[in-house]
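Asker: Fold the following and give me the result.
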Amino acid sequence: MRIRQRLAVLSAATVLATTALTVLTPSGALAHGAMMRPGARTYNCWLDGVTPQGDIQPKNPACAAAVAAGGTTPLYNWFGVLRSDAGGRTTGFISDGQLCSGGNPTFAAYDAARNDWPLTHLTAGAGFSWKYSNWAHHPGTFYMYVTRDGFNPTSPLKWSDLESTPFLTITNPPQNGSVGSNEGHYYWSGNLPSGKSGRHIIYSRWVRSDSNENFFGCSDVVFDGGNGEVTGIGTGGGQTSAAPTTRAPVTTAGPTTRAPVTTAGPTTRAPGTTAGPTTGAPATTGGNNNGGACVATYKTVNSWGNGFQGEVTVKNNGSSTTNAWTATLTSPSGQTITQVWSGTGSSSGSTTTVKNANWNGTLGGGASTAFGFIGSGTTTAPTVSCVLS
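Answerer: The predicted structure is shown next:
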């Protein structure tokens, strides 16, 4: 346990700190994987609670209640929701109301029927890039289920709440990153279930083909037109059954002292806020080409003592489809943009340039996309502009 706890801290620091660290892996991993995108409850609660010092201090109310009930060990072992004797068994082997823990008593607190777990925003039927931790590498098959229409997140999850067949199955997907770290993962592409709206749970099973060990997880999602954004992490207010109007970044590591802009995917959760989201900052548009086809609009999503979370919407105002876009943000004196997601950013002086990610560059006429960022210093709105190519 101490080895894995140390690894959790070191691995988060490896991603976010400016000084490289060497991460040692245990000689025999006792737990092996969990859904990272869309994040399972244990993964998202680990993100919500882990500090730069490595202790767990959850802010989300559901995560805090789970830690109060079951301690912090399940979050240091967020990749450990498993049964070594499952052998592919489901209904009758795992009891109703215990699906999220897989019937593993260590993780029983994560079976709680609540509507304020961290929430991933998705679009029904859309293509999606899935990620699943590979703390230890094994062959096997992943099964993804979704809850039936009318699912109530405040009722204990039962097998009868899930659609009878998985909407997506993948065997032996490729992997990326270091095995035995918090960043290593399997990945695959596959469509989300179609015809869904509102709150649901995506239930995952990983059935190893080389042993009877199986893994289970609940990912709380809302089908509201989102692209994988996560809310309810790093805040004390949580979310209600209604879809929120603002979104925080998808996250994959704990907080740290902020360094220059990071853009290798969303890696840091937004800091906690002491009040509700701050909106209504001046929207700035302009900077275009193709006859004025590109329009960029800025809004402040959250703000706190010496920082803020911003979002820029890039719109193709023309009639022709574009394959790429570039946005430029000019920050006022005393403001620094430190992290970017849903785009690739670089900074020079007061200017930050953000290019599209590989999945959101194509924009048809009238279509738009958005990227988010974390800034420090003054919350005065930066000047934004964009071009299409």
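Asker: what stretches of the stretch 151-300 of the chain score poorly on pLDDT?
Answerer: Scanning the stretch 151-300 of the chain for pLDDT under 70 picks out 235-291.
Asker: and with 50 instead?
Answerer: Within the stretch 151-300 of the chain, the ranges that satisfy pLDDT under 50 run 237-291.
Asker: quick one: the strands in it?
Answerer: 168-171, 175-176, 185-191, 198-208, 214-223, 230-231, 294-304 (DSSP state E, counting those that start in this stretch).
Asker: What's the first helix or strand after the last one?
Answerer: Using DSSP states H and E, the helix or strand that directly follows strand 294-304 along the chain is strand 307-316.
Asker: Report the backbone C-alpha coordinates of the helix or strand just after that next one in CSV.
Answerer: Tracing the chain C-terminally past strand 307-316 and defining elements by DSSP H and E, one meets strand 325-330 next. Provided in CSV are the C-alpha atoms of strand 325-330 (Å, rounded to 0.1, in the frame of the first residue of the first chain):
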residue,chain,number,x,y,z
TRP,A,325,-8.1,26.7,-37.0
THR,A,326,-5.7,28.8,-34.9
ALA,A,327,-6.8,31.1,-32.1
THR,A,328,-4.7,33.9,-30.6
LEU,A,329,-5.2,35.3,-27.1
THR,A,330,-3.5,38.5,-26.0
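Asker: what angle separates strand 325-330 from strand 294-304?
Answerer: 50 degrees (axes from the mean of the first three to the mean of the last three CA atoms, to 10 degrees).
Asker: How far does stretch 316-336 stretch from one end to the other?
Answerer: 27 Å (CA to CA, to the nearest Å).
Asker: ok, back up a step: could you dump the strands of the stretch 151-300 of the chain into CSV and include mean neighbour count and distance to residue 126?
Answerer: Placement of C-beta: from N, CA and C, glycine included. What follows is these, written out as CSV (neighbours: other CB atoms under 10 Å; distance: least, CB to CB, whole Å):
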stretch, mean neighbour count, distance to residue 126
strand 168-171, 16, 12
strand 175-176, 14, 22
strand 185-191, 17, 7
strand 198-208, 22, 13
strand 214-223, 26, 9
strand 230-231, 26, 16
strand 294-304, 21, 22
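Asker: could you pull out the helices for the stretch 151-300 of the chain?
Answerer: Using DSSP state H, counting those that start in this stretch, no helices are assigned anywhere in the stretch 151-300 of the chain.
Asker: do the same with the stretch 1-150 of the chain
Answerer: Under DSSP H, counting those that start in this stretch, the stretch 1-150 of the chain gives helices at 2-16, 41-49, 61-70, 73-76.
Asker: quick one on the thing from earlier: which one of the strands of the stretch 151-300 of the chain lies nearest to residue 324?
Answerer: Each of the strands of the stretch 151-300 of the chain was scored for nearness to residue 324 using CB to CB, and the closest is strand 294-304 (10.8 Å).
Asker: just the CA coordinates of the closest one, formatted as CSV?
Answerer: Only the C-alpha atoms of strand 294-304 are listed here, as CSV (Å, rounded to 0.1, in the frame of the first residue of the first chain):
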residue,chain,number,x,y,z
CYS,A,294,-13.7,32.8,-38.3
VAL,A,295,-15.1,34.4,-35.1
ALA,A,296,-13.7,33.8,-31.6
THR,A,297,-15.7,34.5,-28.5
TYR,A,298,-14.4,34.4,-24.9
LYS,A,299,-16.1,33.8,-21.6
THR,A,300,-15.0,33.4,-18.0
VAL,A,301,-16.2,30.1,-16.6
ASN,A,302,-14.8,30.2,-13.0
SER,A,303,-12.6,32.5,-11.0
TRP,A,304,-10.9,32.3,-7.6
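Asker: Show me what it is packed against.
Answerer: strand 307-316, strand 325-330, strand 383-388 (3 or more CB pairs under 8 Å, 6 or more residues apart in numbering; DSSP states H and E).
Asker: export those to JSON lines and tack on mean pLDDT and mean neighbour count?
Answerer: Putting the helices and strands packed on strand 294-304 into JSON lines (pLDDT from 0 to 100; neighbours: other CB atoms under 10 Å) gives the following:
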{"stretch": "strand 307-316", "mean pLDDT": "87", "mean neighbour count": "23"}
{"stretch": "strand 325-330", "mean pLDDT": "95", "mean neighbour count": "22"}
{"stretch": "strand 383-388", "mean pLDDT": "95", "mean neighbour count": "22"}
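Asker: Residue 346: which of the ones you listed is closest?
Answerer: Across the helices and strands packed on strand 294-304, closest to residue 346 is strand 325-330 (CB to CB), at 10.8 Å.
Asker: okay, now the domains of this structure?
Answerer: 2-231, 294-388 (automatic domain parsing).
Asker: still on that earlier bit, I'd like the strands of the stretch 151-300 of the chain as a markdown table, with distance to residue 53 appended.
Answerer: Converted to a markdown table, these look like this (distance: least, CB to CB, whole Å):
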| stretch | distance to residue 53 |
| --- | --- |
| strand 168-171 | 37 |
| strand 175-176 | 28 |
| strand 185-191 | 25 |
| strand 198-208 | 31 |
| strand 214-223 | 27 |
| strand 230-231 | 23 |
| strand 294-304 | 20 |
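Asker: what's the closest of those strands to residue 364?
Answerer: The nearest among the strands of the stretch 151-300 of the chain, by CB to CB, is strand 294-304 at 13.3 Å.
Asker: contacting residues around residue 40?
Answerer: Applying CB atoms under 8 Å, 6 or more residues apart in numbering to residue 40 gives the contacts 34, 78, 81, 204, 217-219.
Asker: switch the cut-off to 10 Å
Answerer: With contact set as CB atoms under 10 Å, 6 or more residues apart in numbering, residue 40 has these partners: 33-34, 46, 78-79, 81, 100, 110, 117-118, 132-133, 202-204, 215-220.
Asker: do the same with residue 203
Answerer: By CB under 10 Å, 6+ apart, the neighbours of residue 203 are 35, 40, 90, 99-100, 143-147, 157, 159, 161-163, 166, 216-219.
Asker: So residue 210 sits against residue 136, correct?
Answerer: No - counting by CB atoms under 10 Å, residue 210 sits too far from residue 136 to count as a contact (11.2 Å).
Asker: No further questions, thank you.
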